[in-house]
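Enquirer: fold the following and give me the result.
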Amino acid sequence: MRDAVIDSSGEKMEDPAMEDSDELLLPVWRANLVLLTSEVGAASRLARMMTFSASYLKLMLSGQREFSEEFVRGVEAVTGLPGGWMNVPHSGHEIPPNAREAIDNEQPLARFRGTAHPVRKKTVLRPEPIFGQPGPARRVEEETLDVEAHRRHVHFRKVRDVATQEVRRFERHLLHAPVELASMRAKVEDVMAAAELDDRIQADLEGRLEQIDKHRHMLLRHVEKLQALLSQLDDGE
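Expert: Presented below is the predicted three-dimensional model:
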């Protein structure tokens, strides 16, 4: 444990080494995050497990967004990784099987309610604006945009998940339709057997029954495709 730093007035100050620890570990965190999401679709699955958008997580992976230790510890908890696992460089074969399985099956082992935004370091001196540009105000504006983007991502996932549930419900209805279709076919065939029908009418009735069954299979394929597209869709792509 590091000792506290005391300034000339006797007040306790933050240890600069502690402030810099996140920056020193960030490359290791990012490398392990890339390792965990190296398989196709793993980034999107982990993003949903962390209740983030896939596009936002990909910005972290590419180095376009920094992230906090809170987020890293959340990844460990959600995937079942041992505490502190992300702080040490690893190779692919070192990923615990339970963590790989959790990501592959998109089964979070905990709920992450934190944020990925890193904590801003306290400034000792107030920097003067360069060429009249309000630097701190610009950072606040960027953070506000990030929060708004994250809010939109969360809303998008919510409405997409509702739509996916409806598509799955309709799919289940189509899968159970053969029982109802068989009952309907039997009743129509009873009518056909009870009456002396013209050959043309007889063929027309039989053809309609066949077309209904054929179009049910086509509709089922379209529903399956729609469900697959919804699961892959991301508002940032």
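Enquirer: going forward, measure contacts between C-alpha atoms and count neighbours the same way
Expert: Will do.
Enquirer: counting neighbours, what do you get for the residue lying closest to residue 85 once chain neighbours are set aside?
Expert: Once flanking residues are discounted, residue 85 sits nearest to residue 76: 7.3 Å by CA to CA, 6 or more residues apart in numbering. Neighbour count of residue 76, defined by other CA atoms under 10 Å: 18.
Enquirer: next: residue 146.
Expert: For residue 146, the count of nearby residues is 15 (other CA under 10 Å).
Enquirer: tell me the confidence at it?
Expert: Predicted confidence (pLDDT) for residue 146: 75.
Enquirer: quick check: it vs residue 89, distance?
Expert: According to CA to CA, to the nearest Å, residue 146 and residue 89 sit 29 Å apart.
Enquirer: tell me which element the most centrally placed residue in the chain falls in.
Expert: With distances taken as CA atoms, centre = their mean, the chain has residue 48 as the residue nearest its mean C-alpha position (2.2 Å). Assigned by DSSP states H and E, residue 48 belongs to helix 42-49.
Enquirer: name the helices or strands packed onto that helix?
Expert: helix 54-61, helix 97-104 (3 or more CA pairs under 8 Å, 6 or more residues apart in numbering; DSSP states H and E).
Enquirer: got a list of contacts for it?
Expert: 36-37, 53-54, 57-58, 78, 103-104, 106-108, 111 (CA atoms under 8 Å, 6 or more residues apart in numbering).
Enquirer: helix, strand or coil for residue 24?
Expert: Recorded secondary structure, residue 24: helix (DSSP: H, G, I helix; E, B strand; the rest coil).
Enquirer: neighbours of residue 108, how many?
Expert: 20.
Enquirer: meant to ask about residue 159, not that
Expert: 11.
Enquirer: distance check, the residue nearest to the centre of the chain against residue 229.
Expert: 16 Å.
Enquirer: out of the helices and strands in the protein, which is least certain?
Expert: strand 5-6 (a mean of 40; mean pLDDT, DSSP states H and E).
Enquirer: point out where this protein drops to low pLDDT.
Expert: In the predicted model of the chain, residues 1-21, 119-143, 177-179, 234-237 satisfy pLDDT under 70.
Enquirer: which stretches of it form strands?
Expert: 5-6, 12-13 (DSSP state E).
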